[in-house]
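Peer 1: need coordinates for the following:
(one chain, ligands or ions: 1)
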Amino acid sequence: MKHLKQPDPKIAYEPLATSQDAPKSFISEFVKALLNNKGYQGVVVPRAKPSLEEHIRYLGKLWAVGIVLMVTVTWGMVRLEIFDRPGTAVLAYLLIIVVLSLMDSFVTSAIFSLISVACLDYFFMVPLYSFDISSTQDIVALVTFVATSLVITTLVRRARRFGETQHEQAHLLDLTPDAILVLDVDRVITYWNRGAEKLFGWKRDEAIGKVAHVLLKTVYPAPLGEILEASGRAGRWEGQLIQTTRDGAKVFVESKWILRRDFKGNSIGALESNTDITARKRAEEALRESQAAYLSEAQRLSHTGSFGWDSTTGELTWSEETFRLFEYDNDIKPTLDLAFQRIHPEDRDWVRAALDRAIAHKVPFDIEHRLRTPDGSTKTLHVVGSPSTDETGQIKLVGAVMDVTPRKIAYDALEKSELRYRHLFKFMPISLWKLDVRRLMEMFDELKATGVSDFPSYLADHSDFFQRAMDVIVAEEVNEATVRMFGASSQAELLGSVGRFFKQRPDTMERILESRFNDDPLFEEKSQLVTLDGRLIDVLLTAARTEFGVTLAGLVELTDLVRTQETLERLQIEFAHAARVSTLGELTASIAHELNQPLGAIATNCEAGLRWLDRPEPDLHEVNAAIRRSLADAQRSADIIARIRAMAARRVPERVLMSPHDVILEALQFLRHEVEWRGVTVSHIFSPEVPQVLADRTLLHQVIVNLAVNAMQAMAQIGTVERRITVRTSCLDGGALRCSVEDSGPGIATDHLPRLFESFFSTKQGGMGMGLSICHSIIEAHGGRIGVDNGSIHGGARFFFTLPAADRTLQ
Ligand code: ADP
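Peer 2: Numbering: from 1, shown residues only. The predicted structure follows:
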C-alpha cells in the first residue's frame, strides 16, 4: 500500500478521487456501486419534500423573524447612536443573513442582503436618514457588503448541503443489509453501519476505534499482507472471508474492498462491504457433501475410482474407491510408487511406458492391466486418463480406474468357449453345418402375414415355393468331417444352397421346412442325402435352431450302421432259427408222441370203418363217422406238423396284431405232450385287460416255449416232486403287457442272476447257453424288456417280459 504500483490489468480499475473530495466522492461512488450491485438502481432515497403551502408558511415565519431581527438590530443601533461605527452594523446584518441562509435558500439571503444594504445606507451612512450616497467609498462599501453577504450565504448553504448529504448517505448505508465498514490505513474502524451491527453484533460505538480483523477474528483466504498488497495495486479487492460475530458464531462473507487514497495516491484506508453468504455457503457445502456422497457411492457401486496426478509436483490424488481398488488404507498418501507396487510385475514396464507416452505426447490413454492384491489374487483394471496443460504449462493427468475383473473373467470364459466351440465344430467326427436361414425366415414371415398356417397344404399347391425355399437355405460353413463324408476336396465345394443334397429325398426337405415354419426348436430324422460324388448315404439328420437366423445341422452317417444292423438282424434270425431247431431236437420224442396219437387214432378209426364196411350189411353211417374222426385226427396231425414246420422254418420276421393269450395257449399246446410226460401241472392266470400286441407269432412262441422248457428242465434237474408252472399275464400302468412264467424249480443262484441273459451262459451239461440270450433279443426287438427273479409263487424262478400295447408300438 505504501508504493503505488501498476494496476493489475485483470482487475477492473477505477481512478480514485483526490483527498479534498474523497469522503464525498468515495461514499457516493460506493453507494452507487452498492446500489448497482444490488440492483437498486433508480431507487431514490426518500427525502421529505414540503408542500408549497408548508413552504410559504415556513417562509412567512422566517421572513417575519428576519424582519423582526433587522428592525430590532437597526432600532438598537440607532438608539445606541453608533453611526460613527457602521462596521458594527455590517457585522450584525451579516450575522442575520448567515442565520437566515442557514435556514433557507439563497433567495431569502439575497433579499435580506439588499434590505441590509438599504438599512446601512439609510441609517448609518452620511447623509443619515437618506438613501443618498455621498461618496464613491460608500458605494464600494455597500457593494462589498452585498458581495460578502452573498459569498457567506453561498458557503453556508454549501456547508449545510454537505452536512445533509453526509447524513443522507450515512442513512443510506444503514439501509443496506450488508455490513459496511470504513477503515483507516491501520485497519481501524471509523465507520460501522447498521448492517454491520446486525451481522456482527457490536454496536457502532463499540466497533469504532477497533482494528477490524482483531475484532472480527477474520480468516483470510491468503495472508493479509498479500491481500493488502494486491488490493493496493488494484485499488480494490474481492474475496470470501470468515468472520466471528460477537457471540462467537462464524459467518461467511463476500467482502468487497475499495481503497481510499490521498491526493498523492497514498492509501488512507478502505471501505469494505461484507455480504453474509453463510446460508449460501452451508447450502453449497451440503450440496457438495451430498454430491460427494453420491459420487463416492456411485464409484463404489460401479467399482470405478478416479485419480488426478500433477506431473510437476508428482502429487497424486485418489478417490475413496481408488484406494479400495488398489487395496490401500485411505489415510496414506498415494504415490505412483505405491500404485506400481500393486501393478502386476509383468505389466509394470508397459504400463509405465504407456503413461510416459501419454504425458510426452499429451494424448489420452486407455489401458487394461493386472493388479496383484496383497492376498496374492489378481484383478484386472481398466484405466483411462487424459493429460491436460494448465496456464502455467504444468501437465495434469485426470482419469478413472475401473475394476473389470468379472467382465474379464466372463470374456475369457466366453472366448474359451467360443474357441472350444470352433474346435468342436471343426474337428467333431460327425458332419456339422452352419446354415444361414434368414432369407427362408423372411419368406415364412411373408407367408404367415398372408394368413397361411397349414404349411403342408400350401406346399402341395405351390411347388415353386418349395424350390425357392430350398434354394435360400445356404451353407455358410461346414467342418472337415462333412468334407470327407460328401467326397468333397474342400469346404468351398459344399457351401451355398443345400437343396442339391436332398434330390433323392425331397420329402425330408419338406419336413425340415415344415418344422421351421412351425418354429420347432429341433428337427431329427433318418434320411438319405446325395453326396458330391453321387453316392446315396444314410444319415441321421439333426437341425437345431439358434438365434439370428442361423441353424446348426449335424449329420451322422448311418450307411455302415444300417448295414451292420442288417447283418446283425440276419444273424439274430439265424440264431433264433438254430435255437428253435435245437429246441425241436430236444422235443423230438415229445413231437413223435404228439403225432403218434392222432396217427394211431386215424388207424383205429380206419380199421373201425373197414369193419363197418366189411359187414354183410355195411353200416355206412358208422363208416361216415369213422372217416370224419380220421379226418379230424389227420387235421390235428397236420396242425402239429404245421407248427413244427413254422418253428423249423427260417424266414424274415413279420409283425401282426395278435392276442397275447392266443400266443401263449398255442405255445403251451406245442408242449402239451412234454408237459404230460414230465408230470408238470401248467396253469395260466390271464388278465382280461391285457392289450393286443404287434409281434411276430413264431418268435413269441419261441420265447414262451423256451421259458417253459427251461422251467421244466430246472424242475427235473433237482427231482422236484410237485412240478408246477404258472403263466400269468397282467396289464402295466402304461397299458403294456406283462407276462411271467413261474416254476417250482430251484430258482436262480444270486450270482447267476446278472449273467443269465448273456450268450453262452449255461449251467447245464451240454447246454448251449443261447436260449435266454435269444429271448432277450426277441423281446428287445419288440420294444419290450425281459427279466428274472426268484419271486415265483411256487418257490422257484420267475421269468417275465413286457411288450408295448399295439397302439404304442413303434413301427
Ligand atoms: P441253456 O438252456 O442251454 O443252458 P439258456 O440260455 O436257456 O441256455 O439258460 C441259461 C441258464 O439259465 C441255464 O443253464 C440255467 O442255469 C438257467 N435257467 C434258465 N431257466 C431256469 C429256470 N427256470 N430255473 C433255474 N435256472 C434256469
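
Peer 1: for burial, what's the neighbour tally of the closest residue to residue 559 other than its chain neighbours?
Peer 2: Nearest non-adjacent residue to residue 559, counting by CB to CB, 6 or more residues apart in numbering: residue 538, 4.6 Å away. No exception for glycine: its C-beta is placed from N, CA and C like everyone else's. For residue 538, the neighbour count with other CB atoms under 10 Å is 16.

Peer 1: assign residue 538 to helix, strand or coil.
Peer 2: strand (DSSP: H, G, I helix; E, B strand; the rest coil).

Peer 1: ok, residue 374 next?
Peer 2: Secondary structure state of residue 374, per three-state DSSP, is coil.

Peer 1: tell me the contacts of the closest residue to it other than its chain neighbours?
Peer 2: Using CB to CB, 6+ apart and skipping residues adjacent in sequence, the residue nearest residue 374 is residue 327, 5.9 Å away. Contact analysis of residue 327 by CB atoms under 8 Å, 6 or more residues apart in numbering lists 342, 373-374.

Peer 1: do the same with residue 796
Peer 2: Applying CB under 8 Å, 6+ apart, we find residue 796 in contact with 711, 714-715, 742-747, 790.

Peer 1: centre of the chain to the helix or strand harbouring residue 584, how far?
Peer 2: Assigned by DSSP states H and E, residue 584 falls within helix 559-586. In terms of CA atoms, centre = their mean, to the nearest Å, the centre of helix 559-586 is found 64 Å from the chain centre.

Peer 1: show the average pLDDT along it.
Peer 2: Mean per-residue pLDDT for helix 559-586: 77.

Peer 1: equivalent analysis for stretch 314-330, please.
Peer 2: Mean pLDDT, stretch 314-330: 88.

Peer 1: start at 27 instead
Peer 2: Right, with 27 as the first residue, what we last looked at is stretch 340-356.

Peer 1: one step back: mind listing what's buried along the helix holding residue 610?
Peer 2: Buried residues in helix 585-612, counted by 16 or more other CB atoms under 10 Å: 598, 602-603, 605-606, 609-610.

Peer 1: again with stretch 265-273
Peer 2: So, applying 16+ other CB under 10 Å, buried residues of stretch 265-273: 267-270.

Peer 1: show the pLDDT at the residue nearest to the spatial centre of the chain.
Peer 2: In the chain, the residue lying closest to the centroid (CA atoms, centre = their mean) is residue 328, at 11.0 Å. On pLDDT, residue 328 comes in at 73.

Peer 1: how near is it to the ligand?
Peer 2: Distance of residue 328 to the ligand, given as CB to the nearest ligand atom, to the nearest Å: 73 Å.

Peer 1: quick check: that residue touching residue 427?
Peer 2: No - Residue 328 is beyond contact range of residue 427, at 11.2 Å (criterion: CB atoms under 8 Å).

Peer 1: any weak-confidence spans in the chain?
Peer 2: 27-76, 109-111, 318, 415-419, 573-574, 616, 834-837 (pLDDT under 70).

Peer 1: name the next helix or strand following the helix ranked longest in the chain along the chain.
Peer 2: Longest helix in the chain by number of residues (criterion: DSSP state H): helix 162-201. Under the assignment DSSP H and E, the closest C-terminal helix or strand after helix 162-201 is strand 205-210.

Peer 1: list the neighbouring strands of that next one plus their orientation.
Peer 2: Partner strands and pairing direction for strand 205-210 (DSSP bridges) are strand 215-218 (antiparallel), strand 293-302 (antiparallel).

Peer 1: name the residues that touch that strand?
Peer 2: 56, 60, 199, 215-219, 221-222, 224-226, 233, 238, 279, 286, 294-300, 302.

Peer 1: what subset of those is buried?
Peer 2: If we count by 16+ other CB under 10 Å, the contacts of strand 205-210 have these buried: 56, 60, 199, 215, 217-219, 221-222, 225-226, 233, 238, 279, 286, 294-300, 302.
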